[in-house]
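Asker: sequence and predicted model, in that order:
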Amino acid sequence: MMRRIVSLFLLCAMLLLSACNEAEQSDDHVLIISTIKPIHSLVLAITEGTTLETRQLLPDNASPHQYSMRPSDAKALAQADLIIRIDAEFEAQLDKALQHLKPNQHLLTLSQLPHIKLLPTRQLAGSFSLHPAHGANDLHLWLDADNGIAITQALLNTFSTRYPQQAERFRTNAAQLIGAIQQADQYARQQLASAQGRGYITFHDAWQYFDTRYGVQLKATVSMGLGHQISAKHLQRLYQTVKTAGVTCLLYEPQFSQTVLANLAQELKLHTTTLDGLGSQLPLTIQTYPALLRQTADQLARCLQP
């Protein structure tokens with residue numbers, strides 16, 4: 001009788017151990033896909049030291065507005081356990097592929113998170129803008145440090161729920177990441193404190209979250225979009241805006257030619273710099289997102305000098 005009890009106990013113990021091992025190994029081949037680098041860097045930081053595999057879908061130099069999916073992208077999306085995007089409108093080219101996810105796959109849309117601050121697409125009253133609105137909301141939401149923290153907390157909750165075996169490591173990593181974001185936010189405030197109220201112009205209104213947070217002002221956008229030419233009439237209106245609105249800075253972006261407004265910048269003695277909200281030139285590490293906030297503040301502060 002005793003042997004049977006011992007045998008039954010050992011069998012139960014082995015089954016329990018086997019179940020635990022399976023649970024521990026269940027995350028080994030999990031793939032998490034983020035669409036753009038700033039979000040991927042947050043995922044990378046929170047999953048540091050875990051068994052989860054992470055991947056950035058869009059290349060560093062690709063515009064989310066115009067990216068065309070490759071067959072390898074579709075294959076990766078089909079294999080992912082969790083897919084993280086900004087919004088269906090922001091990564092519109094992926095919408096068709098994401099409509100065919102399997103029941104066990106999860107899609108996390110950051111614009112729909114309860115603690116995300118969404119700003120409406122702004123209209124520059126009394127100023128000049130050729131760039132058309134991209135819908136009701138401005139979706140460059142990761143360029144606000146509070147949103148970066150809200151995304152981190154949402155990722156922590158999602159990962160801890162889906163992969164509970166590694167929840168303690170997620171919590172430790174997320175706490176360190178939030179601390180780094182808060183430090184970068186304070187650094188940006190200090191860098192831009194003397195630039196309060198100063199104006200800039202840019203090709204593409206991608207900086208509303210950043211300039212609103214730190215008190216600088218967009219006065220005009222320049223281009224109607226990629227591939228559109230600026231007419232002489234529009235250029236003349238832009239000259240007037242720069243002269244009357246206290247503009248000191250012209251922001252370029254990597255996807256736009258710097259030669260278009262070189263004469264304007266030279267004649268009006270504007271400071272210029274190239275800002276990249278996707279952090280394309282930054283090395284991908286667990287500190288990429290805080291580094292993006294710091295780099296943007298440094299470059300913008302230099303450009304906004306009187």
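Answerer: Okay, I see it.
Asker: so in the chain, where's the weakest helix or strand by average pLDDT?
Answerer: helix 2-25 (a mean of 43; mean pLDDT, DSSP states H and E).
Asker: which positions in the helix or strand just after that helix come out as buried?
Answerer: Downstream of helix 2-25, the first helix or strand assigned by DSSP states H and E is strand 31-34. For strand 31-34, a neighbour-count test (16 or more other C-beta atoms under 10 Å) marks 32, 33, 34 as buried. From N, CA and C alone the C-beta is placed, and that goes for glycine too.
Asker: just how off-centre is strand 31-34 within its chain?
Answerer: With C-alpha atoms, centre = their mean, to the nearest Å as the basis, strand 31-34 stands 14 Å off its chain's centre.
Asker: just the CA atoms of that strand, as CSV, please.
Answerer: The C-alpha trace of strand 31-34 is given here as CSV (Å, rounded to 0.1, in the frame of the first residue of the first chain):
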residue,chain,number,x,y,z
LEU,A,31,7.9,36.6,-31.2
ILE,A,32,6.8,40.2,-30.5
ILE,A,33,6.7,42.6,-33.4
SER,A,34,6.7,46.4,-33.1
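Asker: contacts only, for residue 81.
Answerer: By C-beta atoms under 8 Å, 6 or more residues apart in numbering, residue 81 lies in contact with 30, 31, 32, 104, 105, 106, 162.
Asker: just residue 286 next, same as before
Answerer: Shown in contact with residue 286 (C-beta under 8 Å, 6+ apart): 41, 44, 45, 48, 173, 177.
Asker: surely the first one and residue 278 touch.
Answerer: No - if you go by C-beta atoms under 8 Å, residue 41 and residue 278 don't touch, sitting 10.4 Å apart.
Asker: which SS class is residue 210?
Answerer: Here residue 210 is helix, with the state taken from DSSP: H, G, I helix; E, B strand; the rest coil.
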